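>>> my questions are about this predicted structure, shown below with the sequence.
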Amino acid sequence: MVDFGVCEHVWIPEVSWIKLTKNDFERDAVDSEIVIKSITASKGSYGYVINTFYELDPVFVDSFNNVITNGPKAWRVGPLCLAKPPTPVKPDIHQKPNWIQWLVRSMSRKVKFFSLHLVHKLGFQLSS
């Protein structure tokens, strides 16, 4: 026997252009306790982190922030799938530190050098 009720369309007024059927949802995967905890946590949160950006999904972001939810906001941080891990920089053992390079570039100009250690020692010696 075929249950034709599962092929019936589910209509969500806020996102009416999305076509879903009851068959699109796994019956065994839905645990009501988890759903209740998720909804309770969502209501007390500051928002949802969503893996998209406004220019890609403006209709969904606007619908979510203005129509669907009556509370937490959608914070867009994506697309995270396009994020690249930083490439490791191999230090060049022959390259001098930036401060030495600056001093070399400044050789033709006057450079004042202050050493806090020397100023501290000088101040301590002058105080006695």
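Happy to help now that I have it. Values in this document were obtained by computation on a predicted structure and should not be read as measured data.
>>> can you tell me how far the most centrally placed residue in the chain is from residue 54?
For the chain, residue 77 is the residue whose C-alpha lies nearest the centre (C-alpha atoms, centre = their mean; 4.4 Å). Distance from residue 77 to residue 54, counting by C-beta to C-beta, to the nearest Å: 11 Å. In this view, the C-beta of every residue, glycine as well, is placed from N, C-alpha and C.
>>> residue 32 too?
Residue 32 is 34 Å from residue 54, by C-beta to C-beta.
>>> please say which of the two ends up with more neighbours.
It is residue 54, of residue 32 and residue 54, that has more neighbours when counted by other C-beta atoms under 10 Å, with 11 against 7.
>>> that one - nearest residue in space that isn't next to it in sequence?
Leaving aside its sequence neighbours, residue 54 sits nearest to residue 61 (C-beta to C-beta, 6 or more residues apart in numbering; 5.5 Å).
>>> that's a strand at the one you found, yeah?
No: under DSSP: H, G, I helix; E, B strand; the rest coil, residue 61 falls outside any strand and is assigned helix.
>>> tell me the contacts of it?
Shown in contact with residue 61 (C-beta atoms under 8 Å, 6 or more residues apart in numbering): 50, 52, 54, 74, 76.
>>> tell me the one of the residues you listed nearest residue 97?
Using C-beta to C-beta, residue 76 is the member of the contacts of residue 61 that lies nearest residue 97, at 39.6 Å.
>>> got phi/psi on the closest one?
For residue 76, the backbone dihedrals (degrees, to the nearest 10) come out as phi -90, psi 130.
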